[in-house]
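1. the following block contains a protein sequence and its predicted model.
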Number of protein chains: 2
Amino acid sequence: MGCMTDDATRLLDGLLRLTVTMERDMATGLAAIGLTPARAHVLWELVAGGPQPQQALARALEVTPRNVTGLVDALERDGFVTREPHPTDRRAAIVTLTDRGDEIATGLVAGRRELAGQLARVLPDDRVTALADDLAVLADELDRLATDAAAARTDGAAR
Amino acid sequence: MGCMTDDATRLLDGLLRLTVTMERDMATGLAAIGLTPARAHVLWELVAGGPQPQQALARALEVTPRNVTGLVDALERDGFVTREPHPTDRRAAIVTLTDRGDEIATGLVAGRRELAGQLARVLPDDRVTALADDLAVLADELDRLATDAAAARTDGAAR
DNA sequence: ACCACATTGTGAAGTACGTTCACGAATGGC
DNA sequence: GCCATTCGTGAACGTACTTCACAATGTGGT
C-alpha cells in the first residue's frame, strides 16, 4: 500500500506539472499573436458555436455577462470580432468573428490538434489509448468528488 | 492513423478537462479557508523550503519580487505569516509561518495527498503506476517542446 | 576607509480577469 | 397597456501580475 500511495502521489504530481507547463505554454503562445487565454477562450467558443449574443457566450464560458462585455470590447478593439445587430432583438448584439479573427481562431484549433499529435508520438499507440481512457475516468471521478464537496458545503451553509 | 489522432485528441481533451476541474476545485476549497491559489502557493513553498526572504520566494514561485511583496502583505494581514528580521542582512525580511499558517499549510499538504489517494482508488494499481509513468513522459516532452518553441522565438527576435 | 556595484524590498502606475450592484432599453406575456 | 424578464453596460472593487524608479543596505576592490 505504501507503494500505491507513492504512485498516486506521482500521478498527481505529473498531472500538476503538466497543467502548469501547458498553461504557461498556452499563455506565451497566445501572447505571441496578441491574445490572452480568456480572449482566446471567447474565440474558441465562437468557432465552436458560431456567432452568438454575449449572453450565450457568458453561459458557455461560465463567466458573468459583464465579464464578456470586457472581453468582447478588447477583441473588438483588436479587430478579432465585431458586434452585429441581432435581426429581431434590438437589445442583443451578436458577436461575430472577423476574417482575421476566424483565421486566428482556426489556427488555434489546428495548433491544438498538432500539439495532441506531437504529445501522443512519444508514447506507443496502445498506451495513448489507455491513457485517454484512464484520464476520462479520473476526470469523471474528480467531477464526482467536486460535486460531493460542493453539496457538503451547501448543507453546512444551510444549517 | 486516423485512430491514433483521435486518441491523441481524446488524451489532450481529458488532460484539459482535468486541469480545469482541478483548478476550480482548488480555488473553491482554498476560498473556504480564506486563501487564494497564489497565496496558498506561497504557504506551500514556505512549508517545503522553510522560512525564507522574499527574494528566495520569488525565485521559487517564478514571479517577480514585487509580486511577492503583495502576496506576503495579504498573508501577513490575514495572520498566516510574519516578516521577521534577517539576522545578518538588514535589507531582507524573512517570511515565517505563524502557528495558524503552519496548521493550514500542513493541512493543504495532507489534503493533496488524500486527493491523490481518492483519485487513484478508481483505477487498478498497475494502471495508476503506468499512468504516473506516462504522465511523467508527457510532461518531459511538453517541457522539451516548450523549450524548443522558446528558442525558436528567441532566434526570430534576435535576427 | 572609500567608492562602485549589486541586492532587497517597496511605491507608483498599468494590464488582465473576474466579481457585484444598479440601471436603461427592449421584449414579451397577459 | 402594464409588468416582469432579459440584454448589455457603467461604476466600483478585489486579486494577480508586470515594469520602472528608488532608498537602504551589503560587498568587493584598491
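-> Right, received. Where do you want to start? Just so it is clear, the structure is predicted and the values come from calculations on it, not from any experiment.
2. rest of the way, CA atoms for contacts and neighbours
-> OK.
3. quick check: phi and psi at A:Val81.
-> Phi and psi for A:Val81, reported as degrees, to the nearest 10, are phi -140, psi 170.
4. beta partners of it?
-> Note on A:Val81: beta-bridge partners A:Leu97, judged by DSSP bridges.
5. quick one: residues contacting it.
-> When contacts are counted by CA atoms under 8 Å, 6 or more residues apart in numbering or on different chains, A:Val81 touches A:72, A:75, A:95-98, A:101.
6. ok, now with 6 Å
-> Applying CA atoms under 6 Å, 6 or more residues apart in numbering or on different chains, we find A:Val81 in contact with A:75, A:96-98.
7. pLDDT score assigned to it?
-> At A:Val81, the pLDDT value in this model is 98.
8. show me where chain A has its helices.
-> Per DSSP state H, chain A carries helices over the ranges A:2-32, A:37-49, A:54-61, A:65-77, A:99-120, A:125-158.
9. DNA strand C contacts on chain A?
-> On the criterion CA under 7 Å from any atom of the strand, DNA strand C has as its neighbours in chain A the residues A:36-39, A:62-67, A:71, A:88-91.
10. the helices of chain A: which one's closest to B:Thr147?
-> The closest approach between B:Thr147 and any of the helices of chain A, judged by CA to CA, belongs to helix A:2-32 at 9.5 Å.
11. how about the closest one and DNA strand D, touching?
-> No. Applying CA under 7 Å from any atom of the strand, one finds that helix A:2-32 is not in contact with DNA strand D, the shortest distance being 11.1 Å.
12. which elements pack onto the worst-scoring helix or strand of chain A on mean pLDDT?
-> Confidence across the helices and strands of chain A bottoms out at helix A:125-158, with a mean of 82, counting by mean pLDDT, DSSP states H and E. The helices and strands touching helix A:125-158, judged by 3 or more CA pairs under 6 Å, 6 or more residues apart in numbering or on different chains; DSSP states H and E, are helix B:2-32.
13. could you check how far the helix it packs on is from the centre of its chain?
-> The chain centre lies 16 Å from the centre of helix B:2-32; the measure is CA atoms, centre = their mean, to the nearest Å.
14. check stretch A:128-138 too.
-> Computed by CA atoms, centre = their mean, the chain-centroid distance of stretch A:128-138 equals 19 Å.
15. for stretch A:86-106, same thing?
-> Centre to centre, stretch against its chain (CA atoms, centre = their mean), the figure for stretch A:86-106 is 19 Å.
16. pLDDT on it, on average?
-> Mean pLDDT, stretch A:86-106: 97.
17. and it, is it in reach of DNA strand D?
-> Yes. Using CA under 7 Å from any atom of the strand, we find that stretch A:86-106 touches DNA strand D at A:91-94.
18. ends of that stretch, how far apart?
-> From its first residue to its last, stretch A:86-106 covers 24 Å (CA to CA, to the nearest Å).
19. hmm, who's touching that stretch?
-> Here stretch A:86-106 makes contact (CA under 6 Å, 6+ apart) with A:43, A:51-53, A:80-85.
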